[in-house]
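>>> Next comes the sequence, and after it the predicted model I'd like to discuss.
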Amino acid sequence: MASQEVPKTCKVILADTIAKKMLAEVKETLAKVQANPNASKPTLAAFLANDDPAAAQYAEWSKKTCEENGFNFDLHKIQKESLEEAIVEANNDPAVDGIIVYYPIWVGNQQQDRYIQETVALSKDVEGLCHTHLFNMYHNVRFLDPPHNLKKSILPCTPLAIVKALEHLQIYNPILAYGNRLYGKTITVINRSEVNGRPLAALLANDGATVYSVDITGVQLFTRGSGIRAPRHQVLDKEGWGLKDVLPLSDVVIGGVPTEKFKVPTELLREGVVCINFSSYRNFDGPAVKEKASIYVPSIGKVTIAVLLRNLVRLIANRPRPEGTSDDAEKARNEAFKDD
Ligand SMILES: NC(=O)C1=CN([C@@H]2O[C@H](COP(=O)(O)OP(=O)(O)OC[C@H]3O[C@@H](n4cnc5c(N)ncnc54)[C@H](O)[C@@H]3O)[C@@H](O)[C@H]2O)C=CC1
Ligand SMILES: Nc1nc(=O)c2c([nH]1)NC[C@@H]1CN(c3ccc(C(=O)N[C@@H](CCC(=O)O)C(=O)O)cc3)C=[N+]21
């Protein structure tokens, strides 16, 4: 190339920018939600029962963000064998507002991890992993208490962080009706794990997108059907399809593959694509993707932590109305979350 600099067209958006905006909102909401201005700081109890360095790191970052934003973060490093009883204790402790458990715990025994997920009380399930929360998400149901619709269902942190990033990037089109704002967008999600990729594909399809969910077992199409007439997503196997078929069709590509060697083949991406990476490994070849993408978000972790605090505030807002709360205060509590 000639010595003349070619202006870069790709905009790199850092998670920090999105997280800061959200944390400011969380602070505001917390002030509205806490009826009593002298109320104590909300407390998140965290349980670390594995020796996964990624989980320990995540716990460290969460602690820092909690403490910087007026929350208590109470980390319990414990043995797997004591975990169940410790969770039951936290469920019953009125000083605990939310509970997070770092997974995986019993490697190779997902059933046992699932059992722990269900041991966390619904009212303290800050990660949205209890069955009722998951069921509502897959069924596109937003409230826990129909028809009153005052208690919002909790969404899992990383999938919701990606939704929030897509809103920030204005991929969600506010001209369209709420709930349909991804209509017309084609999105590929590479990873179909039960905690990240599958819930994310479902959320995006529930919001109107055409979603290709890619895993090593193959490609599935998640949509709300022709004209997005269905109330929730449907899933179709795309026999024989692979990245080569879906990447050229995609307006947005989301990578979540937990290996160093996996890279999204840049040459298959559309010009002007939006690329988001949520894996702890770089799924996109940075320099190359910047030549092709219009927007690149290299990581999402900080937004995940902001969502964790947002979910914690929501759990507090969902609690039974304290005795003596005025109608106005109650209205403000509900108003605080009206937009998602
Ligand atoms: N930034 C954040 O907020 C968070 C990031 N993570 C990170 O995201 C990554 C994924 O986490 P999990 O979903 O919990 O992992 P997981 O190991 O449960 O699932 C990974 C999925 O990717 C699939 N996969 C592996 N290689 C693939 C390939 N070449 N093509 C398509 N699919 C492939 C696997 O079959 C599996 O279904 C990890 O790096 C993790 O650290 C996880 C949680 C939060
Ligand atoms: N129940 C449970 N929920 C989880 O959400 C969960 C878990 N268990 N086990 C471990 C994984 C891993 N994980 C990360 C979260 C944030 C960053 C994060 O903040 N990353 C920085 C990376 C910065 C750097 O690398 O220096 C960023 O994206 O900006 C990374 C990884 C959550 N996990």
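Everything's here; your move. Ligands and ions are numbered 1, 2, ... in the order given.

>>> Summarise which helices and strands the host helix or strand of Y296 is packed against.
According to DSSP states H and E, Y296 maps onto strand 293-297. Applying 3 or more C-beta pairs under 8 Å, 6 or more residues apart in numbering; DSSP states H and E, one finds that strand 293-297 contacts strand 11-12, strand 273-277, helix 286-290. (Glycine included, C-beta is placed from N, CA and C.)

>>> closest to E28 out of the ones you listed?
Comparing these against E28 with C-beta to C-beta, the closest turns out to be strand 273-277 (26.2 Å).

>>> if we can go back for a sec, ok, and what's touching the strand holding Y296?
With contact meaning C-beta atoms under 8 Å, 6 or more residues apart in numbering, strand 293-297 is reached by 9-15, 165, 169, 269, 272-277, 284, 286, 289-290.

>>> switch the cut-off to 10 Å
Residues outside strand 293-297 that contact it (C-beta atoms under 10 Å, 6 or more residues apart in numbering) are 9-15, 17-18, 162, 165-166, 168-171, 251-254, 266, 269-278, 284, 286, 289-290, 303.

>>> Those residues also near ligand 1: which ones?
F278 (C-beta under 6 Å from any ligand atom).

>>> Narrow the contacts of strand 293-297 to just the buried residues.
Buried positions within the contacts of strand 293-297, assessed by neighbour count (16 or more other C-beta atoms under 10 Å), are 10, 13, 15, 18, 162, 165-166, 168-169, 171, 251-254, 266, 269-270, 273-278, 284, 289-290, 303.

>>> possible to save the helices and strands packed on strand 293-297 as a markdown table with distance to ligand 2 and mean pLDDT?
As requested, the helices and strands packed on strand 293-297 are exported to a markdown table (distance: least, C-beta to the nearest ligand atom, whole Å; pLDDT from 0 to 100):
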| stretch | distance to ligand 2 | mean pLDDT |
| --- | --- | --- |
| strand 11-12 | 13 | 98 |
| strand 273-277 | 9 | 98 |
| helix 286-290 | 14 | 96 |
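
>>> how many other residues sit next to the residue nearest to G286 when sequence neighbours are not counted?
Leaving aside its chain neighbours, G286 sits nearest to P298 (7.0 Å; criterion: C-beta to C-beta, 6 or more residues apart in numbering). The tally of other residues near P298 (other C-beta atoms under 10 Å) stands at 17.

>>> Just list the residues touching P298, thanks.
Contact analysis of P298 by C-beta under 10 Å, 6+ apart lists 12-15, 275-277, 282-284, 286, 289-290.

>>> again, only this time at 8 Å
So P298 contacts V12, L14, N277, R282, F284, G286 (C-beta under 8 Å, 6+ apart).

>>> what number of residues lie near the fourth one?
R282: 16 surrounding residues under other C-beta under 10 Å.

>>> In three-state terms, label it for me.
coil (DSSP: H, G, I helix; E, B strand; the rest coil).

>>> Find me the pLDDT at it, would you?
Per-residue confidence (pLDDT) for R282: 97.

>>> Tell me the spatial nearest neighbour of it, not counting adjacent residues.
Computed as C-beta to C-beta, 6+ apart, the closest residue to R282 that is not its neighbour in sequence is P298, at 6.9 Å.

>>> Show me which residues of the stretch 1-150 of the chain are close to ligand 2?
So the stretch 1-150 of the chain meets ligand 2 at A15, A54, A55, Y58, W61, I100, V101, Y102, Y103, E127 (C-beta under 6 Å from any ligand atom).

>>> E291: neighbouring residues, count only.
Applying other C-beta under 10 Å, I find that E291 has 14 neighbouring residues.

>>> ok, it to ligand 2 distance?
23 Å (C-beta to the nearest ligand atom, to the nearest Å).

>>> Double-check that residue against C10; I have them as touching.
Yes - counting by C-beta atoms under 8 Å, E291 sits close enough to C10 to count as a contact (7.3 Å).
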